[in-house]
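[1] predicted model and sequence below, questions to follow.
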Amino acid sequence: MTIEGFTAASREFFTRDALELAPDLLGCHLAHTTDDGTVGLIITEMEAYTGERDPGSHAFRGKTARNSTMFGEAGHLYAYFTYGMHYAINVVAGEVGHPYGCLVRAGRVIEGADLARRRRTKPARVSALPDRDLARGPGNLAQALGANLGNDGDDLIGGRWQLLVPDVKPADISTGPRVGVSGPGGDGDTFPWRYWITGDPTVSAYKPGAVRVRS
DNA sequence: CCAACGATTAACT
DNA sequence: GTTAATCGTTGGT
């Protein structure tokens, strides 16, 4: 399926430093097809993880069974499990051997919203679930897309995943410190390696941090 | 082998 | 704003 105003991503698009790729993934259309159907969304929030030089990265202490996908070819999916109950997905960036990852933190569902909602309300929910919350936060986004550990290593090119790059980039992008991560300074300093589309209601609400705008 | 903790979420005060 | 829920991965014993 193609969408007006978007072009399928090439391998070269992914084969860059995470700090370049993460903001460029904002505004992209990410879709996943399973036997249950397709859910597609516009990415509204990203974070960059720069491998062995980044204390916040799963790859900071080198290659392990869990993070090995990040050391492989760019454009694949690094999926992991955390907090005993949530999955999250990263887009692998950089050359082979460089464990760069871009965490997809939030998106606006524009295709298969009914399927996404079914997945997100599987265990009965007490409160109502607004459309804007369907893929708000890394764990929620993974669940809406039907992603789990079985998707670790999936290729975003040519499989059941599809990543389309917008012909026109989002006009207004904000940056700030990543969520729940300390920076290379080690003192709790954080680097502005979180990116989001300014003012978008689907962006997760945690610790806004110092906001800067770059056009 | 075992204990600690996390790139979180949802509900509650 | 605070906190319980929940378990795989990691790193130290």
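    Structure's in. What do you need?

[2] C-alpha from now on. contacts and neighbour counts both.
    Fine.

[3] now do the SS call for the closest residue to A:Ala116 other than its chain neighbours.
    Closest residue in space to A:Ala116, ignoring its immediate chain neighbours: A:Ala144 at 4.5 Å, by C-alpha to C-alpha, 6 or more residues apart in numbering. Following DSSP: H, G, I helix; E, B strand; the rest coil, we place A:Ala144 in the helix state.

[4] A:Leu134 is in contact with A:Ala144, correct?
    Yes: the pair A:Ala144 / A:Leu134 is scored as a contact, 6.5 Å apart, by C-alpha atoms under 8 Å.

[5] and for these two, which residues touch both?
    Shared contacts of A:Ala144 and A:Leu134 (C-alpha atoms under 8 Å, 6 or more residues apart in numbering): A:116-117, A:120.

[6] let's have the residues you listed in TSV, adding secondary structure, neighbour count and distance to DNA strand C.
    TSV is the format used below for those (DSSP: H, G, I helix; E, B strand; the rest coil; neighbours: other C-alpha atoms under 10 Å; distance: C-alpha to the nearest atom of the strand, whole Å):
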residue	secondary structure	neighbour count	distance to DNA strand C
A:Ala116	helix	25	21
A:Arg117	helix	19	20
A:Arg120	helix	22	16
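
[7] among these, which one sits closest to A:Glu95?
    Closest approach to A:Glu95 among these (C-alpha to C-alpha): A:Ala116, at 32.9 Å.

[8] the closest one contacts A:Leu141, correct?
    No: contact between A:Ala116 and A:Leu141 fails when scored by C-alpha under 8 Å: they sit 9.1 Å apart.

[9] ok, the residue of chain A found nearest DNA strand C - how many residues close by?
    Relative to DNA strand C, the nearest point of chain A is A:Gly84 (3.2 Å; C-alpha to the nearest atom of the strand). The number of residues packed near A:Gly84 is 6, by other C-alpha atoms under 10 Å.

[10] any idea how far it lies from A:Gly139?
    Here A:Gly84 is placed at a distance of 11 Å from A:Gly139 (C-alpha to C-alpha, to the nearest Å).

[11] roughly how far apart are the residue nearest to A:Ala116 and A:Gly137?
    10 Å.

[12] with neighbour numbers in mind, choose between these two.
    Using other C-alpha under 10 Å, the more surrounded residue of A:Ala144 and A:Gly137 is A:Ala144, with 29 against 20.

[13] next, count neighbours for A:Met70.
    By other C-alpha under 10 Å, 31 other residues sit near A:Met70.

[14] helix/strand/coil for it?
    Looking at A:Met70 with three-state DSSP, the answer is helix.

[15] next, the buried residues of stretch A:55-71.
    For stretch A:55-71, the buried set under the neighbour-count rule, 16 or more other C-alpha atoms under 10 Å, comprises A:55-59, A:63, A:67-71.

[16] what would those look like in a markdown table with distance to DNA strand C?
    Shown next, in a markdown table, are the buried residues of stretch A:55-71 (distance: C-alpha to the nearest atom of the strand, whole Å):
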| residue | distance to DNA strand C |
| --- | --- |
| A:Pro55 | 11 |
| A:Gly56 | 12 |
| A:Ser57 | 11 |
| A:His58 | 7 |
| A:Ala59 | 8 |
| A:Lys63 | 7 |
| A:Asn67 | 6 |
| A:Ser68 | 8 |
| A:Thr69 | 11 |
| A:Met70 | 11 |
| A:Phe71 | 12 |
